[in-house]
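**Q** Give me coordinates for this.
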Amino acid sequence: MKIDVATDEDIRAVALQMRERDFAEFSAVTPVETREALAELLAARYGGRPDVLCASIDDGPVCIGGTIESRPNVMTLLFFATDKFPDIAIPITRFIRRLFSGYEKAGVHRIEAVSLDDYAQMHRWLRSLGLEDETGPMRNYGKDGETFIQFARVKSVCTTGA
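**A** Residues are numbered from 1 along each chain as shown. Predicted coordinates:
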């Protein structure tokens, strides 16, 4: 397995072959309807960013993952994969856990993600990364009324005053 900064081409390749549930999830929160349009949008938005990575095996890119600092010390996760993800699931999960630990040591206190309400496989994986269900169903979150759930991994932060 090789991990590197995701190029536009990596993102397009994975997006065009992403798992059906990943496509359903991403198309629910973007203004596009087709894989081709989604691949172009994701490549334009995330290609070449140092916080978006691609994991590949010998026959090509398998998954795209990003940790976008949406607010100071808060990371929002981006992740989608092809059906070959089970081939690298264990080592990539270990890599991500180490990445999260490093972020927390550097001051990140929240890592968050949203996922389609009925995407049980993704929910199990997010929990394996240390994220917990934070909300109940968030109805009408997607563009066609899809329901999502918010997940978060929260590190305790000392506050001043009270």
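**Q** Now do the buried residues in stretch 100-110.
**A** Residues of stretch 100-110 classed as buried by neighbour count (16 or more other Cβ atoms under 10 Å): Phe100, Tyr103, Glu104, Val108, Arg110. No exception for glycine: its C-beta is placed from N, CA and C like everyone else's.
**Q** now swap in stretch 39-53 and tell me
**A** When burial is assessed from 16+ other Cβ under 10 Å, stretch 39-53 yields the following buried residues: Ala39, Glu40, Leu41, Leu42, Ala43, Tyr46, Gly47, Val52, Leu53.
**Q** Can you tell me the element the last one falls in?
**A** Right, Leu53. If you go by DSSP states H and E, Leu53 is part of strand 52-57.
**Q** And the buried residues of stretch 39-53, which is closest to Asp22?
**A** Among the buried residues of stretch 39-53, Leu42 lies closest to Asp22 (Cβ to Cβ), at 10.7 Å.
**Q** got the buried residues of stretch 39-53 as JSON lines, with distance to Pro31, secondary structure and pLDDT columns?
**A** JSON lines is the format used below for these (distance: Cβ to Cβ, whole Å; DSSP: H, G, I helix; E, B strand; the rest coil; pLDDT from 0 to 100):
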{"residue": "Ala39", "distance to Pro31": "14", "secondary structure": "helix", "pLDDT": "98"}
{"residue": "Glu40", "distance to Pro31": "12", "secondary structure": "helix", "pLDDT": "98"}
{"residue": "Leu41", "distance to Pro31": "8", "secondary structure": "helix", "pLDDT": "98"}
{"residue": "Leu42", "distance to Pro31": "12", "secondary structure": "helix", "pLDDT": "98"}
{"residue": "Ala43", "distance to Pro31": "15", "secondary structure": "helix", "pLDDT": "98"}
{"residue": "Tyr46", "distance to Pro31": "16", "secondary structure": "helix", "pLDDT": "97"}
{"residue": "Gly47", "distance to Pro31": "18", "secondary structure": "coil", "pLDDT": "95"}
{"residue": "Val52", "distance to Pro31": "20", "secondary structure": "strand", "pLDDT": "98"}
{"residue": "Leu53", "distance to Pro31": "25", "secondary structure": "strand", "pLDDT": "98"}
